[in-house]
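[1] Sequence and computational prediction follow.
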Amino acid sequence: MSIANTAHGNTKTSSTAATTSGAIATTAAIGETIVVAVGTVNTTSNAPTDSASNTYVQLGAIATNTERITFWGCLSNKGASPSVTCTFGSSRYGIAIATYTGVKGFNQNNTTTNTGGTTPATATLPKALNTGSWAIAAFVEKGTATWSASTGNLRNNIAGAGTTTPGAAIVDNTTTTCAAATSATAWAGTIIELTPFFIQSITAVGAAINADVAKQSQIPLSAASSSFNGGIVKQIQIAFAAVSSALSAALTETFQAGGTLFHQSVAAVSSAFNGSITKQTLAFLTATSTALKGAVIKQTLFSLAARAAAIDGSVVKRTGKLFSATTTHLSAVIVKNTSVLLTAVSSAFSATENSTGLLFEAIGGATSSAFSGSLAAAKSALQIIGSWLGMGVKRAHCRRGR
């Protein structure tokens, strides 16, 4: 964005009586840059305040034997149409306010002051303007003479209310010189470069980052981080005091103007941190893995040993009970069945024994009768034998049935 004047400022002068403050209404839009030229009678001006709670930084100051000009700037307005109040030691005053868009920095490395006793009041920057930059000057002179453009653009200006009351004027230009014609014989002026990017800020931040990177390479990660953070915060507070409220919006254009230095510094920081973090992380993970593996193996072995002991004890105990019960049961069944079997065998043998005795007795009798020569007796004897044989077999069967 190019720098442009928005004509949302204002002017004010005191009467011939001295006072300690002056309040001026503006129509400045949010985000616009506000510059304030305060002319007093050799009295120091304090930083302005306003209804938007903006912060103003001093852009320059110079005094003659009879007047003093103090130049203030707010980089980015926070609230619509703020009312600006200037305070100073008891004095008559003249105040001029101008507003701009596209301003991202006040180049404090390209500023100067000047005084004179002849017209026009003139101030020239000591260095060439950067691309897109403007020169802006604030002038003061006492008396009622009016201001007119000489070199550059005459913005808000005001003549003094009396011969001893300061008047003030603001002049800007796209070249290094600003001048305004006046009939006064004494004047003072201060001039500074307005930039559309952060020239001074990026240089300061880059130097701070490079210094911190070099230092951190020699100290542990935790200490480096603390030192780095502290150094960066301190450097940013110093370098960006004038531009803190516009930092987010200005970063893109900052990279365009001083991107190479910034990117290199960030790359160096990133590399230093990434290498250290990777190394520390690997070491931590290795130690953690080793500890976990050892603990897991140990706990697993303890668990398996305890489980095996419990299982073995339980199996032995249950097996013993099972074998004991089985043995008792088999013993009882075997004893019972063996007893029954032996009883039946014994009965069978008893019956057989009786029948055999009767058989031999009958055979003996039959044989005796046969030898005695009596067929009838022998037949009778044989009948008796058959009868006894039948009875013996019948008895044996009866006993087995029992």
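    Structure's in. What do you need? Numbering: from 1, shown residues only.

[2] Which helix or which strand is home to Ala61?
    Taking DSSP states H and E as the definition, one finds Ala61 inside strand 57-63.

[3] Which strands or helices does that strand pack on?
    On a contact count with 3 or more Cβ pairs under 8 Å, 6 or more residues apart in numbering; DSSP states H and E, strand 57-63 meets strand 68-74, strand 105-116, strand 187-195. Where C-beta positions appear, they are placed from N, C-alpha and C, glycine not excepted.

[4] what's the burial count for the spatially closest residue to Val84 that is not a sequence neighbour?
    Counting by Cβ to Cβ, 6 or more residues apart in numbering, the nearest residue to Val84 once its immediate chain neighbours are dropped is Asp50, at 4.5 Å. Neighbours of Asp50 under the rule other Cβ atoms under 10 Å: 24.

[5] Stretch 161-176: which residues count as buried?
    If you call a residue buried by 16 or more other Cβ atoms under 10 Å, then stretch 161-176 has these buried ones: 161-162, 165-173, 176.

[6] now swap in stretch 87-104 and tell me
    Of all the residues in stretch 87-104, those buried under the rule 16+ other Cβ under 10 Å are 88, 91-100, 102-104.

[7] Where does Ala47 fall, secondary structure wise?
    For Ala47, there is no helix or strand it lies in under DSSP H and E.

[8] how close does it sit to Thr87?
    9 Å (Cβ to Cβ, to the nearest Å).

[9] Out of the helices and strands packed on strand 57-63, flag the one nearest Tyr56.
    Taking Cβ to Cβ, strand 68-74 is the member of these nearest to Tyr56, at 4.4 Å.

[10] Could you list the low-pLDDT ranges of the stretch 201-350 of the chain?
    For the stretch 201-350 of the chain, applying pLDDT under 70 flags the ranges 201-316, 318-335, 337-350.

[11] rewinding a little: among the buried residues of stretch 87-104, name the ones in helices.
    Of these, none are assigned to helices by DSSP state H.

[12] Can I get those in JSON lines including pLDDT?
    As requested, the buried residues of stretch 87-104 are exported to JSON lines (pLDDT from 0 to 100):
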{"residue": "Phe88", "pLDDT": "96"}
{"residue": "Ser91", "pLDDT": "94"}
{"residue": "Arg92", "pLDDT": "95"}
{"residue": "Tyr93", "pLDDT": "96"}
{"residue": "Gly94", "pLDDT": "96"}
{"residue": "Ile95", "pLDDT": "97"}
{"residue": "Ala96", "pLDDT": "98"}
{"residue": "Ile97", "pLDDT": "98"}
{"residue": "Ala98", "pLDDT": "98"}
{"residue": "Thr99", "pLDDT": "98"}
{"residue": "Tyr100", "pLDDT": "98"}
{"residue": "Gly102", "pLDDT": "97"}
{"residue": "Val103", "pLDDT": "98"}
{"residue": "Lys104", "pLDDT": "96"}
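
[13] Sort out which one of those lies nearest Leu194 for me.
    After measuring these against Leu194 - Cβ to Cβ - the closest member comes out as Val103, at 4.9 Å.

[14] show me what contacts that closest one?
    Each residue near Val103 by Cβ atoms under 8 Å, 6 or more residues apart in numbering is listed here: 3, 33, 75, 194-196.

[15] can we see that at 7 Å?
    For Val103, the contact set (Cβ atoms under 7 Å, 6 or more residues apart in numbering) comprises 3, 33, 75, 194, 196.

[16] Could you check how far the closest residue to it other than its chain neighbours is from Thr195?
    Taking Cβ to Cβ, 6+ apart, and ignoring the residues beside it in sequence, Val103 has Thr33 as its nearest neighbour in space, at 4.0 Å. The gap separating Thr33 from Thr195 is 11 Å, by Cβ to Cβ.
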